[in-house]
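In: Next comes the sequence, and after it the predicted model I'd like to discuss.
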Amino acid sequence: MKANITIALCAVIAAGAFATWYFQTYWTPQMLAEDFESGFGEWIADSEVPSDPNNPGQFIEWNITRSTDVASSGRYSLKLFIDGRQDDGTIWIERRLPVKRDAQQVNLTFDFYSEFESFNTIAAVCAYAGHGNPEHEGDFIVLGPANEVAGWKRYGLVVDIDSESSEELWVAAGISVRWETYMTYYIDNITVELI
């Protein structure tokens, strides 16, 4: 009798473990969240920027750093700075993700901070999701003006994907210059959901 109970108990545990694995692998969304409290995580900075006419052989100045100036989650955010005086340049953060089988859509959302609101389009908030590594401004989708509000605003990008064509996915978020000036913005609280 004890042997039958032990066998039945082992069968129930095995069935439960299989069901958990199956539903996590094939039915539940794959979710990633990053608020930069412990560094960049697996995000890296990238750009497509013009040459600096005042410094031959050099590109215009830009950088993406962790900052405690403002944050929408925790204490840290990412500070995006670019010298936009050439009226050109796109900077962003990006990362690669493994794609689970049967994923059909990626939903990328993030908080974006502008110090002030402006009717002029000084920069554009842009994002990317796809199977290739984004390398050019033209790879990005414009989500709206960077100075749409003073303070934090949540932006999102939803893209259909074919998980059969690749085992990895790239996502990115950043800014693209539209006005001839220095500019600074912030990104925080990024989430990526594969459905």
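Out: Ah, there it is.

In: pLDDT on the lengthiest strand in the chain, on average?
Out: Counting by DSSP state E, the longest strand found in the chain is strand 182-194. The pLDDT scores in strand 182-194 average 97.

In: Pairing partners for it, with directions?
Out: strand 30-34 (antiparallel), strand 77-83 (antiparallel), strand 105-114 (antiparallel) (DSSP bridges).

In: Dig out what the closest residue to residue 65 other than its chain neighbours forms beta bridges with.
Out: Once flanking residues are discounted, residue 65 sits nearest to residue 79: 5.2 Å by C-beta to C-beta, 6 or more residues apart in numbering. Yep, even glycine has a C-beta here, placed from its N, CA and C like the rest. Taking DSSP bridges as the rule, residue 79 bridges to residue 65, residue 186.

In: Now do the contacts for residue 79.
Out: 64, 65, 66, 67, 69, 184, 185, 186 (C-beta atoms under 8 Å, 6 or more residues apart in numbering).

In: want to try JSON lines for those, with distance to residue 47 and neighbour count as columns?
Out: JSON lines is the format used below for these (distance: C-beta to C-beta, whole Å; neighbours: other C-beta atoms under 10 Å):
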{"residue": "64", "distance to residue 47": "9", "neighbour count": "22"}
{"residue": "65", "distance to residue 47": "14", "neighbour count": "10"}
{"residue": "66", "distance to residue 47": "17", "neighbour count": "15"}
{"residue": "67", "distance to residue 47": "18", "neighbour count": "18"}
{"residue": "69", "distance to residue 47": "21", "neighbour count": "11"}
{"residue": "184", "distance to residue 47": "15", "neighbour count": "15"}
{"residue": "185", "distance to residue 47": "14", "neighbour count": "22"}
{"residue": "186", "distance to residue 47": "17", "neighbour count": "20"}
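
In: Could you check how far the residue positioned nearest the centre of the chain is from residue 195?
Out: Nearest residue to the geometric centre of the chain (C-alpha atoms, centre = their mean): residue 172, 4.4 Å. Separation of residue 172 from residue 195 (C-beta to C-beta, to the nearest Å): 19 Å.
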